[in-house]
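**Student:** What follows is a protein structure lacking sequence information:
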């Protein structure tokens with residue numbers, strides 16, 4: 001058993017594909033296949049199902065997966081400690097998150113972490129909350145930042161920060177002359193630009209409206225847009241209003257490009273959580289990043 005075999009096995013488990021694993025590791029597909037065959041021969045068991053088009057781990061493969069991860073992480077621990085000794089830490093951290101953390105939280109985090117460890121690289125993936133959880137459980141990603149907890153005993157959630165959704169409007173006299181608070185019923189007179197169905201922001205809005213006996217379908221919706229930045233541009237062009245994260249409009253409010261109002265008697269607050277696998281031994285770089293993120297928001 002050698003590290004190349006373990007890395008091949010982990011990559012196949014991650015990508016569910018021999019060819020994608022080969023590309024990821026910069027190896028040929030026959031080399032990857034040879035690694036797995038030799039590993040299975042040494043362990044005297046089948047680790048990967050090849051009987052159908054969809055690649056999956058056997059029960060033995062599922063058991064061995066965590067051990068393989070831990071062995072590779074032990075190697076990384078040795079490299080990390082030697083890197084500390086030499087004064088240079090390298091490695092890659094994978095983070096998956098939904099739109100708001102991806103655009104307005106993660107850039108700040110990796111910028112500050114990069115000041116401490118400038119040779120560390122990052123891979124940021126755009127997932128919804130359910131995909132983040134699935135990715136961490138499957139070992140596809142190291143960490144996630146989500147706006148809702150999905151209970152899984154293997155996961156650890158750490159509360160990072162809170163977020164507030166507000167009614168975002170054009171920066172025009174019509175809106176500036178109005179009160180900073182608006183009634184929920186008055187929203188029915190506005191033209192709306194909404195996030196797509198299934199987004200975290202959309203789900204919060206629908207639930208909050210439902211608690212006040214208002215169906216989101218009652219809104220005069222003129223567009224459904226997936227990207228928050230695109231929605232902001234639409235609002236600046238006075239196409240309509242929207243309900244967005246207050247974090248997402250900080251710069252626009254500062255420079256008088258957009259304005260916002262709070263909706264009376266309705267709770268549009270949420271929290272963001274840092275999530276990771278609690279039962280898998282992390283690499284030393286992952287430990288450092290995990291500690292950094294938690295300490296960063298505490299301060």
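**Tutor:** Ah, there it is. Bear in mind the structure is a predicted one, so any value in this text is a computation, not a measurement.
**Student:** low-scoring stretches of the stretch 1-150 of the chain, by residue?
**Tutor:** Of all residues in the stretch 1-150 of the chain, those with pLDDT under 70 make up the ranges 52, 83-88.
**Student:** ranges for the strands of it?
**Tutor:** With DSSP state E, counting those that start in this stretch as the criterion, the stretch 1-150 of the chain has strands at 48-49, 56-57, 91-97, 120-126, 143-146.
**Student:** Deepest-packed of those, please.
**Tutor:** For the strands of the stretch 1-150 of the chain, average neighbour numbers computed from mean count of other C-beta atoms under 10 Å are highest in strand 143-146, which has a mean of 25. Any C-beta I mention is one placed from the backbone N, CA and C, and that applies to glycine too.
**Student:** C-terminal to that one, what's the next element?
**Tutor:** strand 155-170 (DSSP states H and E).
**Student:** avg pLDDT for that next one?
**Tutor:** For strand 155-170, mean pLDDT is 93.
**Student:** which secondary structure elements does it contact?
**Tutor:** Contact here means 3 or more C-beta pairs under 8 Å, 6 or more residues apart in numbering; DSSP states H and E; on that basis strand 155-170 packs against helix 129-138, helix 200-211, helix 228-236, strand 242-245, strand 258-263, strand 269-277, helix 284-298.
**Student:** who wins for proximity to residue 9 among these?
**Tutor:** Closest to residue 9 of the helices and strands packed on strand 155-170, according to C-beta to C-beta: helix 129-138, at 13.8 Å.
**Student:** which residue packs closest to residue 167, ignoring adjacent ones?
**Tutor:** Leaving aside its sequence neighbours, residue 167 sits nearest to residue 261 (C-beta to C-beta, 6 or more residues apart in numbering; 4.6 Å).
**Student:** neighbours around the one you found, how many?
**Tutor:** Counted with other C-beta atoms under 10 Å, residues neighbouring residue 261 total 18.
**Student:** what's the burial count for residue 81?
**Tutor:** Using other C-beta under 10 Å, the number of residues around residue 81 comes to 12.
**Student:** these two touch, right, it and residue 283?
**Tutor:** No: using C-beta atoms under 8 Å, residue 81 is not in contact with residue 283, being 11.4 Å away.
**Student:** re the thing from before, would you turn the strands of the stretch 1-150 of the chain into a markdown table with distance to residue 76?
**Tutor:** Conversion of those to a markdown table gives the following (distance: least, C-beta to C-beta, whole Å):
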| stretch | distance to residue 76 |
| --- | --- |
| strand 48-49 | 24 |
| strand 56-57 | 22 |
| strand 91-97 | 7 |
| strand 120-126 | 12 |
| strand 143-146 | 16 |
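**Student:** Mind splitting this protein into its structural domains?
**Tutor:** Following automatic domain parsing, one finds the domains of the chain at 1-86, 163-266.
**Student:** Out of the ones you listed, the one nearest residue 287 is which?
**Tutor:** Once those are compared by C-beta to C-beta, domain 1-86 is nearest, at 8.9 Å.
**Student:** ok, residue 215 - contacts?
**Tutor:** For residue 215, the contact set (C-beta atoms under 8 Å, 6 or more residues apart in numbering) comprises residue 209.
**Student:** scratch that, residue 23
**Tutor:** By C-beta under 8 Å, 6+ apart, the contact set of residue 23 is empty.
**Student:** now stretch 254-264: how far from the chain's centre is it?
**Tutor:** Put simply, stretch 254-264 sits 27 Å off its chain's centre (C-alpha atoms, centre = their mean, to the nearest Å).
**Student:** what about it, average pLDDT?
**Tutor:** What stretch 254-264 shows for mean pLDDT is 95.
**Student:** Report how far apart the opening and closing residues of it are.
**Tutor:** Terminal residues of stretch 254-264 lie 23 Å apart, using C-alpha to C-alpha, to the nearest Å.
**Student:** Would you mind listing the buried residues in it?
**Tutor:** 258, 259, 260, 261, 263 (16 or more other C-beta atoms under 10 Å).
**Student:** So which residue is dead centre in this structure?
**Tutor:** Central residue of the chain (C-alpha atoms, centre = their mean): residue 97, 1.2 Å from the mean position.
**Student:** so which of the domains of the chain comes closest to residue 111?
**Tutor:** Residue 111 lies closest, by C-beta to C-beta, to one member of the domains of the chain: domain 163-266, at 15.8 Å.
**Student:** what about the closest one, how long is it end to end?
**Tutor:** Length of domain 163-266, first residue to last, C-alpha to C-alpha: 14 Å.
**Student:** do stretch 113-122 as well
**Tutor:** Taking C-alpha to C-alpha, stretch 113-122 runs 10 Å from one end to the other.
**Student:** circling back to that earlier point, how about the residue nearest to the centre of the chain: what's its closest non-neighbour residue?
**Tutor:** Nearest to residue 97 is residue 145, by C-beta to C-beta, 6+ apart, at 4.1 Å.
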